[in-house]
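please work out how this folds:
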Amino acid sequence: MIVKPIEYPHQALQLEALLSRIRTNHPNISLINQDYQRKLAGYRGEKAVDFPLSFLPDDEYFILHDLRLWDGKRFFQIDVLILHAKYALILEVKNIVGELYFDTDLHQMIRIKEEEKEAFPDPIIQVNRLKRQFEGWLLANQFPAIPIYALIVFSNPKSILRLSSPQIQTFKNTIIHKEYLPELIPKLTSSYKKSFLLTEERKRLIKCLKRKNTPLDTDILQKYQVEKRDIISGVKCESCNQFLMCKQMHYWYCPSCSNKSKNAILPTLKDYYLLFGEEISNSQLRQFMQVDSIYIASRILANLKLKRTGCGKKTIHHLTLTLFKSELGGK
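This next block holds a predicted model:
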């Protein structure tokens, strides 16, 4: 049973907004796009393991996606955590295309793709560290010590795993393709005899994991050294992609292609929220949406029925993610 489903990454949404509005000559645009593609690959890879995991009995296995927990010194990220009465299982999901070689002596993974070599951190070291951190987290939060098992799961069918014969003997049940999950997990379960997490304790643990989960909150402009002047303002036309739409009586009008829209405001405010945060004033809305009239801006904000703080010219309106629910489908 999935008790914490996978969600489209907030940072991917931020990067989408940034890529749609950053000036094309910005020096970091290539890095921004690379990071966006990596975020998408990670999300799609993690999402791909849900199908093989769906073959596990719902009343026995409890699945949590995307946990970011504090170990007392630093945060650690678990892609997928599966809780069973007998043990906890950590899945470190990799969505990597190419031939993958595991150098267990020099502790690195090497990918060969189209005759090019690229080095990656050793995922075995990574999952062993995650096990230790999760053990410490359980202890710090007053949960009983339970057996913890970790798997490195390759979710892309185009990942070709290359292990030597000794490596196969050592890691055949540690480094796997996602298709093997429904076969391996029941075998793993049967190898444990004692139950450690009874129903009430498991419920308490799941509740605590959700409460302690701390999603990464990134100042996306600061991270990529983007100034406000590098961001294109204006209301974007969904027809011609120009930031030229202007407010008419009951709709927004694009002078470039004559497109009319009644809903152009939400995608624009979503971009503002993802790039600049939840607080927006009348003057900030006018500047970002290129609206000249203070009264039009006031009506826009009033119609949104947002929480407000301050008064007069210092009134701040607070945007929320739920306002843009229909705009956040992901890819």
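
may I see the buried residues of the helix or strand where Gln133 lies?
For Gln133, the host element (DSSP states H and E) is helix 123-140. By 16 or more other CB atoms under 10 Å, the buried positions in helix 123-140 come out as Pro123, Ile124, Gln126, Val127, Leu130, Gln133, Phe134, Trp137, Leu138. Any C-beta I mention is one placed from the backbone N, CA and C, and that applies to glycine too.

these two touch, right, the first one and Ile152?
Yes - using CB atoms under 8 Å, Pro123 is in contact with Ile152, at 4.6 Å.

give me the element Leu89 is part of.
Using DSSP H and E, the element containing Leu89 is strand 88-94.

that strand to helix 123-140, inter-axis angle?
Here strand 88-94 runs at 140 degrees with respect to helix 123-140, directions being taken by axes from the mean of the first three to the mean of the last three CA atoms, to 10 degrees.

partner strands of strand 88-94, with direction?
Note on strand 88-94: by DSSP bridges, its sheet partners are strand 75-83 (antiparallel), strand 148-154 (parallel).

can you dump the C-alpha atoms of the longest one in PDB for me?
Extracted as PDB, the C-alpha positions of strand 75-83 are listed here (Å, rounded to 0.1, in the frame of the first residue of the first chain):
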ATOM      1  CA  PHE A  75      19.600  15.900   5.800                       C
ATOM      2  CA  PHE A  76      19.400  12.600   3.900                       C
ATOM      3  CA  GLN A  77      17.100  11.600   1.100                       C
ATOM      4  CA  ILE A  78      15.400   8.200   0.700                       C
ATOM      5  CA  ASP A  79      13.800   7.600  -2.800                       C
ATOM      6  CA  VAL A  80      11.500   4.800  -1.600                       C
ATOM      7  CA  LEU A  81      11.000   3.300   1.800                       C
ATOM      8  CA  ILE A  82       9.100   0.100   2.300                       C
ATOM      9  CA  LEU A  83       8.000  -0.900   5.800                       C
END
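
figure out how far that strand is from the centre of its chain.
Put simply, strand 75-83 sits 13 Å off its chain's centre (CA atoms, centre = their mean, to the nearest Å).

any chance of the strands paired with strand 88-94 in a markdown table, plus distance to Phe62, mean pLDDT and mean neighbour count?
A markdown table is the format used below for these (distance: least, CB to CB, whole Å; pLDDT from 0 to 100; neighbours: other CB atoms under 10 Å):
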| stretch | distance to Phe62 | mean pLDDT | mean neighbour count |
| --- | --- | --- | --- |
| strand 75-83 | 4 | 97 | 19 |
| strand 148-154 | 15 | 97 | 23 |
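
for those, which one sits closest to Gln11?
Gln11 lies closest to strand 75-83 among these, at 12.1 Å (CB to CB).

give me the domain ranges for the protein.
Following automatic domain parsing, the chain resolves into domains at 2-212, 233-327.

buried residues in stretch 231-251, which are they?
Ile231, Ser233, Gly234, Val235, Lys236, Cys237, Phe243, Leu244, Met245, Lys247.

show me where the stretch 101-250 of the chain has helices.
If DSSP state H, counting those that start in this stretch is used as the criterion, the helices of the stretch 101-250 of the chain fall at 123-140, 165-171, 181-191, 199-212, 220-223.

Throw the ones you listed into TSV and include distance to Ala85 and mean pLDDT, thanks.
TSV is the format used below for those (distance: least, CB to CB, whole Å; pLDDT from 0 to 100):
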stretch	distance to Ala85	mean pLDDT
helix 123-140	15	96
helix 165-171	26	89
helix 181-191	9	96
helix 199-212	7	96
helix 220-223	41	96
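
how about those helices, which one is nearest Ile22?
helix 220-223 (9.5 Å).

starting at the chain centroid, how far to that closest one?
The answer for helix 220-223 is 17 Å, by CA atoms, centre = their mean.

do stretch 58-65 as well
Put simply, stretch 58-65 sits 20 Å off its chain's centre (CA atoms, centre = their mean).

restricting to C-alpha, output it in CSV.
Extracted in CSV, the C-alpha atoms of stretch 58-65 (Å, rounded to 0.1, in the frame of the first residue of the first chain):
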residue,chain,number,x,y,z
ASP,A,58,-1.2,-4.1,0.1
ASP,A,59,-1.9,-5.2,3.7
GLU,A,60,1.8,-6.3,4.2
TYR,A,61,4.0,-3.7,2.6
PHE,A,62,3.7,0.1,3.2
ILE,A,63,5.4,2.3,0.7
LEU,A,64,6.6,5.9,1.2
HIS,A,65,8.2,8.0,-1.6
